[in-house]
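**Student:** Sharing a sequence plus its predicted fold:
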Amino acid sequence: MIEGLPALYIFMLSAFTGYEVISRVPVILHTPLMSGSNFVHGIVLVGAMIVMGSAEGVLELSIGFFAVTMAAGNAVGGFVATIRMLDMFQTKPKNAGAQ
């Protein structure tokens, strides 16, 4: 596993790249982009679980648990937002008795 300064460099580079990419997406595309990237949240969750599985010590386990919790919340939130977005496009049944 990568440790020390190279790991910090990769983390900072990925954070900067992610910020730049997302900040340039038009507002109207944020929800479809998020719903289309739900698979990435699942991959992050699996990666966090793998890293937590190889953790040693209380601090590493705590950080791993936090990572798994945040990744799971991110995946669930993505699916909830997708469901809400798809519900907006559903046609509502007309009330048969109302005139």
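**Tutor:** Yep, it's here.
**Student:** roughly how far is the longest helix seen in the chain from the heart of the chain?
**Tutor:** In terms of residue count, the longest helix belonging to the chain (DSSP state H) is helix 58-88. Relative to the chain's own centre, helix 58-88 is displaced by 6 Å; criterion: Cα atoms, centre = their mean, to the nearest Å.
**Student:** gap between residue 20 and residue 88?
**Tutor:** 29 Å (Cβ to Cβ, to the nearest Å). (C-beta placed from N, C-alpha, C; glycine too.)
**Student:** repeat for residue 40
**Tutor:** As judged by Cβ to Cβ, residue 40 and residue 88 stand 23 Å apart.
**Student:** Point out where the protein drops to low pLDDT.
**Tutor:** Along the chain, segments meeting pLDDT under 70 span 1-2, 27-28, 30-36, 96-99.
**Student:** re earlier: elements contacting the longest helix of the chain?
**Tutor:** Helices and strands touching helix 58-88, by 3 or more Cβ pairs under 8 Å, 6 or more residues apart in numbering; DSSP states H and E, are helix 30-36, helix 38-53.
**Student:** could you say what helices and strands the last one packs with?
**Tutor:** To tie it back to what came earlier, the one meant is helix 38-53. With 3+ Cβ pairs under 8 Å, 6+ apart as the test, helix 38-53 has helix 58-88 packed against it.
**Student:** and the helix it packs on, which residues are buried?
**Tutor:** Buried residues in helix 58-88, counted by 16 or more other Cβ atoms under 10 Å: 64, 67, 68, 71, 72, 74, 75, 78, 82.
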